[in-house]
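In: sequence first, then the predicted structure:
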Amino acid sequence: LILEKSKRDAAVSSATDATTNFVISKYCELFKLKHHTNPEIQPKDAGIAKRIAKTLTKEKVELYLQGYFQLPDAWLFKQRHPLGAFESKLNEVVVFVQTGNFITNKQSQMTDSSVSNMQLLDEVRKEKPA
């Protein structure tokens, strides 16, 4: 029983390693297409790729990485699409890939401003005698 578990764990580890390598190679390929140079892969990037490989299939990795490099996000472009941001913005990438919707920082700020203005207007109306 222990030997079988050990074999299973080795198989899972081998599959994860293969997917980790796929994550890194696909990331490098898409990075080069976007930025016309190869990225520097640091040890922390390999750890990020390993975490991603544990939760996503190769198909999803490819789809989401393509979406990541297509996001119309000025900050990502300025930062040159770090792998850590892919991991932290994964839900944002998924929504973009599946719906095409993306909310810019400017849109978010405008919504915040609009809500603040409406709250202020409501307070002024409540204070005004009838």
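Out: Sure, I can see it.
In: where does this structure dip in pLDDT?
Out: Along the chain, segments meeting pLDDT under 70 span 1-2, 7-14, 104-112, 128-130.
In: what are the ranges of the helices in it?
Out: Taking DSSP state H, the helices of the chain run over residues 2-35, 43-55, 58-70, 74-79, 83-88, 90-99, 105-127.
In: let's have the ones you listed in TSV, adding mean neighbour count.
Out: To be clear about C-beta, it is placed using only N, CA and C from the backbone, and glycine gets the same treatment. Output for the helices of the chain, formatted as TSV (neighbours: other CB atoms under 10 Å):
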stretch	mean neighbour count
helix 2-35	14
helix 43-55	16
helix 58-70	17
helix 74-79	12
helix 83-88	18
helix 90-99	15
helix 105-127	10
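In: got the contact list for the spatially closest residue to residue 97 that is not a sequence neighbour?
Out: Distances taken as CB to CB, 6 or more residues apart in numbering place residue 67 nearest to residue 97, at 3.8 Å, with adjacent residues excluded. Residues near residue 67 by CB atoms under 8 Å, 6 or more residues apart in numbering: 93-94, 96-97.
In: ok, 7 Å please
Out: Shown in contact with residue 67 (CB atoms under 7 Å, 6 or more residues apart in numbering): 93, 96-97.
In: ok, now residue 54?
Out: Here residue 54 is in contact with residue 16 (CB under 7 Å, 6+ apart).
In: same check, this time on residue 63
Out: residue 97.
In: coming back round to it: let me have the contacts of residue 67 in TSV, adding distance to residue 59 as columns.
Out: Shown next, in TSV, are the contacts of residue 67 (distance: CB to CB, whole Å):
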residue	distance to residue 59
93	14
96	17
97	12
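In: of these, just say which sits nearest to residue 24.
Out: When the contacts of residue 67 are ranked by distance to residue 24 (CB to CB), residue 93 comes first, at 17.2 Å.
In: can you tell me how far the closest one is from residue 114?
Out: 26 Å (CB to CB, to the nearest Å).
In: and if you look at residue 62?
Out: Taking CB to CB, one finds residue 62 at 38 Å from residue 114.
In: next one: residue 125
Out: 16 Å.
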